[in-house]
Each structure stands twice: as structure tokens, then as C-alpha cells.
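Visitor: sequence first, predicted model second:
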Amino acid sequence: MFTLRFSRQAHKFREKEPPDVRTRIRTALLELAKDSVAKRQVKRLAGTDALLRLRVGDFR
């Protein structure tokens, strides 16, 4: 299980997106929080072990 934290910039970006995009991103993030990394298409960010990236459509 993961803990998700978002920057202020991420919150502002989310507010500007259409509702269908927000829903897809939210669903993918909730699945990631519950699911193991091995089952998802996630990659660790370079230079850190604590941060991951997840691609949802055109968004990362």
C-alpha cells in the first residue's frame, strides 16, 4: 500500500482538466495506492527511491 501526496502544482493542474480526465487519473491513482508496483506500469524516478511515475493516457 502506498501513501499518495500531491504538490500544489499538481492540484492546480487537476482543477483545470476536464471531468473525464480527472476521473481516469483518480481511478489509476487509487488503484496504485491499493495495488503492488509489480502489477502496474510504474517506474521509479531517476535519483530517488521514494518517487514513482505512472502514465495515464497522455499524462505522466
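Guide: Thanks, I have it. This one's a predicted model, so the numbers in the text were calculated from it and none came from an experiment.
Visitor: any idea how far stretch 29-46 is from the chain center?
Guide: Relative to the mean C-alpha coordinate of its chain, stretch 29-46 is positioned 8 Å out (Cα atoms, centre = their mean, to the nearest Å).
Visitor: pLDDT averaged over that stretch - what is it?
Guide: Average pLDDT, stretch 29-46: 76.
Visitor: pull the distance from the longest helix along the chain to the chain's centre.
Guide: Counting by DSSP state H, the longest helix found in the chain is helix 19-34. In this view, helix 19-34 has its centroid 7 Å away from the chain centroid, taken as Cα atoms, centre = their mean.
Visitor: that helix packs against which elements?
Guide: If you count contacts as 3 or more Cβ pairs under 8 Å, 6 or more residues apart in numbering; DSSP states H and E, helix 19-34 packs onto strand 52-54. Placement of C-beta: from N, CA and C, glycine included.
Visitor: quick one: contacts of the strand it packs on?
Guide: Ala28, Leu29, Leu32, Val37, Arg40, Gln41, Val42, Lys43, Arg44, Leu45, Arg60 (Cβ atoms under 8 Å, 6 or more residues apart in numbering).
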